[in-house]
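Participant: what's the 3D shape of this:
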Amino acid sequence: MLTKGFEVEMYTGTPAADIVGFSDRIVAALDGFVREPDSRNVEYTTAPFCRYERLLCELVRPRQQLRSYLKQLGNYTLIPGSTLSTGGSREFHRSDPHNPYHAYIEQTYGTTVVTASIHINIGMPDPETLMRACRLVKVEAPLYLALSAASPFLDGEVTGYHSTRWSVFPKTPQQVPLFESHSHYIRWTEEQLALGTMQNVRHLWDSVRPNGDRRPYSLNRLELRICDLVSDPLTLLAITALLEARLMQLIADPSLDPLEASCLPAHSRAEDLVSLTNTNEQAVAKLSLDAELRHWQDGRSILARDWIELLQQEIWDSAKKQGFSCFLMPLKKVLREGNEAQRWLHWIDQGLSVRSVMQQAIQEVEQQEMALADEICQPLVA
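Facilitator: Numbering: from 1, shown residues only. Below you'll find the model as predicted:
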């Protein structure tokens, strides 16, 4: 099994679904939390582990700690979703007014970056295997967004997108190729830094990227960045299990590399795959599981949910052999009942307002989290 870790961004606010920023105070008070440029969301990172049981506790425990701290500040809580659902997108709330990189982000992107998401990191120390993995995950990244979409609202309105976050998020640089090798990635990164299209090595905001302690030279993991915030830890682990099983397939069979396996014309394959994938990402941002996509292997039309079901069938034996197929089970519920965005839009269709939907979601997430904490984690020490 591969090592796995998460970067989890979450909003703080009131049970009435007003988003309120406390990241500077949270970071000062709690270990393991870091601030984002805007104070209304905060991030925690889990250490890499192989076993899903351990990862589940590592996801839940920091949230319990954060909830406990927020209660000390007043009647505050965690708010699901990946956009400023009930309002506030016209103002940027700086968490660190003296940070020049934060100033650049505010001036360049405004609140389009004030989103909450999940970044899934999978350990992969061999750089060429990592580049191959990034190529495969990039062309299939829309499927992971389809499963995780959780941002159908902005400023109290239904936007018409299941992932409003990904529809507006400023991918940077605007054109990111399929990296053909580690040396290609190094050359490209150095070029972008020289051109100023990237401010630093972290300023590569794409659906997936190589990651490591000294980018672009020293790499040790793949980072999937496209997912909206997945509030349910069990669903997040299911998405991660799908990703890990797919990567293990690729490690066993390098011919799954899109640069080899695609039937698109060889002379323009990399460019065509990027273009096809960008189109698929926007389709999924709009309709998530119900989006009509083009398959990277042969260009055929296929619904996102059907593609995911086929992928599950392909990787099932591999996951079962490694002993984590049981963690894939929540995907069936997502495909049957919809992702968070689809469930919330169903409540809108039943006559609820955006604020009422978010208030109900806040309560459900907290109850689910408490049940998981009681079941899997030792009680927190006061």
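Participant: So the most centrally placed residue in the chain versus Pro216, what's the distance?
Facilitator: The centre of the chain sits closest to Cys227, judged by CA atoms, centre = their mean, with a distance of 2.6 Å. Distance from Cys227 to Pro216, counting by CB to CB, to the nearest Å: 23 Å. No exception for glycine: its C-beta is placed from N, CA and C like everyone else's.
Participant: Asn339 too?
Facilitator: Here the distance between Asn339 and Pro216 works out to 33 Å (CB to CB).
Participant: that's a helix at Arg187, yeah?
Facilitator: Yes - the assignment for Arg187 is a helix, going by DSSP: H, G, I helix; E, B strand; the rest coil.
Participant: Please tell me the pLDDT value assigned to it.
Facilitator: With respect to pLDDT, Arg187 has a value of 97.
Participant: Likewise for Leu380?
Facilitator: 43.
Participant: And for Ala373?
Facilitator: According to the model, Ala373 scores 87 on pLDDT.
Participant: how about it, secondary structure?
Facilitator: From three-state DSSP, the assignment for Ala373 is helix.
Participant: Quick one: list the elements packing against the longest strand anywhere in the chain.
Facilitator: Within the chain, and with DSSP state E defining each element, the longest strand by residue count is strand 4-13. For strand 4-13, the packing partners by 3 or more CB pairs under 8 Å, 6 or more residues apart in numbering; DSSP states H and E come out as strand 41-45, helix 52-73, strand 77-79, strand 118-123, helix 233-252.
Participant: what's the offset of that strand from the middle of its chain?
Facilitator: In terms of CA atoms, centre = their mean, to the nearest Å, the gap separating the centre of strand 4-13 from the centre of its chain is 9 Å.
Participant: ok, now stretch 348-365?
Facilitator: Remark: stretch 348-365 is offset 22 Å from the chain centroid, using CA atoms, centre = their mean.
Participant: Could you list the buried residues of that stretch?
Facilitator: By neighbour count with 16 or more other CB atoms under 10 Å, stretch 348-365 contains the buried residues 354-355, 357-359, 361-362, 365.
Participant: Can you show me the CA trace of that stretch as CSV?
Facilitator: Listed in CSV are the C-alpha atoms of stretch 348-365, where the atom choice follows Å, rounded to 0.1, in the frame of the first residue of the first chain:
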residue,chain,number,x,y,z
ILE,A,348,-33.5,23.5,-2.8
ASP,A,349,-36.0,21.8,-5.1
GLN,A,350,-38.0,20.8,-2.0
GLY,A,351,-38.4,24.5,-1.2
LEU,A,352,-35.5,25.3,1.2
SER,A,353,-33.4,28.4,0.9
VAL,A,354,-29.7,28.3,0.5
ARG,A,355,-29.2,29.4,4.1
SER,A,356,-31.6,26.7,5.4
VAL,A,357,-29.8,24.1,3.3
MET,A,358,-26.4,25.1,4.8
GLN,A,359,-27.8,25.2,8.3
GLN,A,360,-29.1,21.7,7.9
ALA,A,361,-25.7,20.5,6.4
ILE,A,362,-23.8,22.1,9.3
GLN,A,363,-25.8,20.0,11.8
GLU,A,364,-25.5,16.8,9.8
VAL,A,365,-21.7,17.1,9.4
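Participant: quick one: contacts of that stretch?
Facilitator: Here stretch 348-365 makes contact (CB atoms under 8 Å, 6 or more residues apart in numbering) with 15-17, 77-81, 85-86, 153, 156-158, 231-232, 340, 344, 347.
Participant: all strands of this protein, in order?
Facilitator: Under the criterion DSSP E, the chain contains strands at 4-13, 33-35, 41-45, 77-79, 118-123, 153-154, 157-158, 208-211, 221-224, 292-294, 301-303.
Participant: what is the mean pLDDT for stretch 296-303?
Facilitator: In this model, stretch 296-303 has an average pLDDT of 95.
Participant: Show me what that stretch is in contact with.
Facilitator: With contact meaning CB under 8 Å, 6+ apart, stretch 296-303 is reached by 139-140, 258, 261-264, 273, 276-277, 289-295.
Participant: Make a ChimeraX selection of whichever of these turn out to be buried.
Facilitator: To isolate the buried ones among the contacts of stretch 296-303 in ChimeraX, judged by 16+ other CB under 10 Å, type:
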select :139,140,258,262,264,273,276,277,289,291,293,295
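Participant: count of residues packed around the closest residue to Thr164 other than its chain neighbours?
Facilitator: Distances taken as CB to CB, 6 or more residues apart in numbering put Ser151 closest to Thr164, at 4.4 Å, once the chain neighbours are dropped. Other residues within reach of Ser151, judged by other CB atoms under 10 Å, total 31.
Participant: With the one 3 residues further on instead?
Facilitator: Burial measure for Leu154: 23 neighbouring residues, criterion other CB under 10 Å.
Participant: about what we covered before: can you say which of the strands of the chain is packed in most?
Facilitator: Across the strands of the chain, averaging neighbours per residue (mean count of other CB atoms under 10 Å) puts strand 153-154 on top, at a mean of 25.
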